[in-house]
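Engineer: After the sequence you'll find the predicted model.
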Amino acid sequence: MEVGEKARITVPSDSAYGPHGNRFLKIPPGATLIFDVELLGVTREGDLWDLDFDTKMELAAWRRARGVQLFGGGHAYHAHEEFLQGLRFLEYMLDLSEDQAAAKEAAKKAADLNCAATALKLGLEHDALRHCQQVLNVEPTNKKALYRQAQAHAAMGKLKEALQACDAMTEHHPGDADGPALRARILRRAEEQERRKQQFYRRMFQKSAAAADEDGDGGTGVGDQEMTGGGPKKGAAAGPGAGAGALVRV
């Protein structure tokens, strides 16, 4: 494409969100995605191995700033892509001084936390956990990483792991109210899910019991005779509720 050109891009389901769709983006299962795009400009960032430390840091910061702006505008998917691109510049840096290494780790930590936030928004809990763990590997007490880790586990239905992350927040940040508050919300949500599950099984059992009662009261009598080896009397009529095919020839 040339600058100023427009195009329509069609992405089939198996290359997009597949049979599950994406509930956060309101994309139904099996959906084909169609994008109308226009090329506004081209910015060449250069090959990673040709960039020096300062240029990589500048590009990473620029990508992150774009991601923050997009996320604030409600464009979580595009923000996530920008954060991932920013991380790309921070992955392979060799022969760094102590100050450079510290600056790189700070930038990478911020980018991983951003990626975890957008991944949660997009329903990508496994990706969110991976980015949180990257932060916790270098800073085990990081509050934001623990908070988003708890959110991801809770969204996946892993109550034990979610509560452990909340408890770690409370342990490492005893004066902070976010850990206990999140723990309480997760427990309320788990209790509500359990209540709904019990209601579902209760209704299912009641329907099964009602169906069994109807079968017992509305039978033709032929079934009973067949069970006992007897046959229907000549001229016997089907009982109430018996439809076509309900009589059995014996």
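Structural biologist: Done, it's in.
Engineer: Going by C-alpha atoms from here, please, whenever you check contacts or count neighbours.
Structural biologist: Noted.
Engineer: would you list every one of the helices in the chain?
Structural biologist: Assigned by DSSP state H, the chain shows helices spanning 53-72, 76-91, 98-121, 125-138, 143-155, 159-172, 178-217, 222-228.
Engineer: Look up phi and psi at the residue nearest in space to the middle of the chain.
Structural biologist: Against the mean C-alpha coordinate of the chain, by CA atoms, centre = their mean, the closest residue is residue 123 at 2.8 Å. Torsion angles at residue 123 (phi, psi; degrees, to the nearest 10) stand at phi 80, psi 20.
Engineer: could I get the helices of the chain as a markdown table with distance to residue 11, mean neighbour count and mean pLDDT?
Structural biologist: Formatted as a markdown table, these follow (distance: least, CA to CA, whole Å; neighbours: other CA atoms under 10 Å; pLDDT from 0 to 100):
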| stretch | distance to residue 11 | mean neighbour count | mean pLDDT |
| --- | --- | --- | --- |
| helix 53-72 | 22 | 18 | 94 |
| helix 76-91 | 16 | 21 | 93 |
| helix 98-121 | 21 | 19 | 95 |
| helix 125-138 | 22 | 19 | 96 |
| helix 143-155 | 28 | 24 | 95 |
| helix 159-172 | 35 | 19 | 92 |
| helix 178-217 | 35 | 13 | 79 |
| helix 222-228 | 57 | 14 | 43 |
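Engineer: got TSV for those helices, with distance to residue 30 too?
Structural biologist: Converted to TSV, these look like this (distance: least, CA to CA, whole Å):
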stretch	distance to residue 30
helix 53-72	26
helix 76-91	19
helix 98-121	20
helix 125-138	20
helix 143-155	22
helix 159-172	30
helix 178-217	27
helix 222-228	46
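Engineer: and the closest residue to residue 135 other than its chain neighbours, how far is that from residue 60?
Structural biologist: Spatial nearest neighbour of residue 135, excluding adjacent residues (CA to CA, 6 or more residues apart in numbering): residue 109 at 5.6 Å. Distance of residue 109 to residue 60, given as CA to CA, to the nearest Å: 12 Å.
Engineer: Who are the contact partners of residue 107?
Structural biologist: Shown in contact with residue 107 (CA atoms under 8 Å, 6 or more residues apart in numbering): 60, 61, 90.
Engineer: Surely residue 27 and residue 16 touch.
Structural biologist: No - Residue 27 is beyond contact range of residue 16, at 9.9 Å (criterion: CA atoms under 8 Å).
Engineer: got any residues that touch both of the two?
Structural biologist: Common neighbours of residue 27 and residue 16, counting by CA under 8 Å, 6+ apart, are absent.
Engineer: who's in contact with residue 84?
Structural biologist: Listed by CA under 8 Å, 6+ apart, the contact set of residue 84 reads 111, 115.
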